[in-house]
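Undergrad: Fold the following, please.
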Amino acid sequence: MMNRFQRVRATAFLTLKGLWHRMTVGARVMVVDGDKVLLIRHTYVPGWQFPGGGVGPGETFEEAGARETLEETGYRVTGPMELFGLYHNTSPVTNRDHVAFYVAKSFNFEFERKPDYEIAEVGWFDRHNLPEKVTPATSQRIDEYFDGVEKRSIWGY
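TA: Next up is the predicted model:
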C-alpha cells in the first residue's frame, strides 16, 4: 500500500511520462455471429471498421471495448471477450497509438443505432462479402481470425 506522498509522486511521474511520450491506447472489438461481423462507418474517417475507441482513466481495455461497442453499434457484449492481439497502430495521423483487439461472440441487441455526427452506418456483413471500402486493418484482422493468416504486429490502415 502506498502512502500519500508515494501516490502523489507516482501520479505526477506517470502523468508527465504520458505527456512526454504522448502515447494513446485503444480497444477495438470484432463482434462475431457465425460468419458475420459487425462493422461501423464513421463520419470523419473513410472506410468500414470495427467499433472501438480510446481507453479512459480507470477503465480496462476490455471495458473500453465493450463500452465503445455499445455506444457505436447498439449491441451490448454480454460475456467475456477473447483478447486476440495487441497491435501498434501506425496511421497517417500518429505512430504512438496501440490497440487491444478483442473478439466477442456473446452479445445482445439493445437499441437501433441511428446515424449521427460520429457514426454514419452500422451493419452486419458476411466475412466473404465485406462492403466496399473496408479498411485494410479490418480485412487483415478478419483474415487472421477466420482463416488463420499470420498475425501482423502493425494495425495497418
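Undergrad: Give me the distance between the closest residue to Ala66 other than its chain neighbours and Leu70.
TA: Nearest in space to Ala66, with sequence neighbours left out and distances taken as Cβ to Cβ, 6 or more residues apart in numbering, is Val77 at 4.3 Å. C-betas here are computed from N, CA, C, even on glycine. Distance, Val77 to Leu70, using Cβ to Cβ, to the nearest Å: 7 Å.
Undergrad: The two: which is more packed in?
TA: Val77 (23 against 19; other Cβ atoms under 10 Å).
Undergrad: Phi, psi for Glu63 please.
TA: phi -60, psi -40 (degrees, to the nearest 10).
Undergrad: Could you double-check that the residue nearest to Ala66 sits in contact with Ser106?
TA: Yes: with contact defined as Cβ atoms under 8 Å, Val77 counts as touching Ser106 (6.9 Å).
Undergrad: Contact partners for the residue nearest to Ala66?
TA: 29, 31, 65-66, 69-70, 104, 106-107 (Cβ atoms under 8 Å, 6 or more residues apart in numbering).
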